[in-house]
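*Asks:* Test case, fold it:
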Amino acid sequence: MTDPIVVSWSEISSRRSCPHKHWLEYRHRWTKAKPLNSALGKGTLFHACLEAYYLARKAGKPLDLCYEAGLDVLDAVEIESDFDQMAVDKVAWMYEGYHETYMGDTTWEIVGVEHKFRVKLPQITVNQPEIWLKGSIDLIVRDENNRLVVLDHKTCSTMPKDGSSFEMSDQFGLYLWALKQLGVRASMAVHNAVKSKMNKGDIPGFLADWEARKEAGEKVGARPSMQPLSGRYARRQ
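*Replies:* Residues are numbered from 1 along each chain as shown. Just a heads-up that it's a prediction; the model follows:
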């Protein structure tokens, strides 16, 4: 009997984008390092901060302790071999802004955090081997209207201008379908976008340095600006 095939959304996406890339990644297990200062490294660290925060929320801890749980993740990175202060500062900026934007909202009941699932996909032919889909959903909540909502955290250097970049994404539909097979009926999926690119004014200490240099009579150019929170975070269904 043929062994079942287990695939993830990442593998499906890789195969769609480039069969050769898929062959290297999933057949020959070639991997690429993801240093902390890379986009993938910072995105992974930010996800870890949110995971710690929402797990603390799920456990019923006070909001200030939930926030501290995410900061503890950043503190723990300082002992890692690839520690990079600029990368950690950027993730801290993302996490702190997220806290200001969303974390005062306690109307959500946290149902699942990094919720792992595995479901069998329909067989097209009788002789087709079993194919199972595995995955991990960033966040599942019950909102103020008693609806189950699936959220996927996405860090991006440029914020999407509208929902056209993800509203037709198979990932969201596939995750909702998978939950339905497991007896969980979620009402919607939400793209939880977080901007990862700083302006010069957002960099810790940069504005204070600019002010000091201006006070000393140096030619420093225009005053560096900070990005408003409204331009750094967006949730779209």
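*Asks:* how deep is Trp9 tucked in, by neighbour count?
*Replies:* Residue crowding around Trp9 was assessed by other CB atoms under 10 Å; the count is 18. Where C-beta positions appear, they are placed from N, C-alpha and C, glycine not excepted.
*Asks:* cool, Phe83 as well?
*Replies:* Using other CB under 10 Å, the number of residues around Phe83 comes to 12.
*Asks:* any idea how far Glu114 is from it?
*Replies:* From Phe83 across to Glu114, the span is 24 Å (CB to CB, to the nearest Å).
*Asks:* Met103 now?
*Replies:* Per CB to CB, Met103 is found 18 Å from Glu114.
*Asks:* quick one: which of the two has more around it?
*Replies:* The neighbour count for Met103 versus Glu114, taken as other CB under 10 Å, is higher for Met103 (19 against 15).
*Asks:* thought that one was touching Ala69?
*Replies:* No - under the criterion of CB atoms under 8 Å, Met103 makes no contact with Ala69, lying 11.3 Å away.
*Asks:* Can you name the residues bridging to the residue nearest the centre of the chain?
*Replies:* By CA atoms, centre = their mean, the chain has its centre lying nearest to His153, at 3.1 Å. On the basis of DSSP bridges, His153 is bridged to Asn192.
*Asks:* Please name the residues that touch it.
*Replies:* Phe46, His47, Leu50, Asp138, Leu139, Asn192, Val194 (CB atoms under 8 Å, 6 or more residues apart in numbering).
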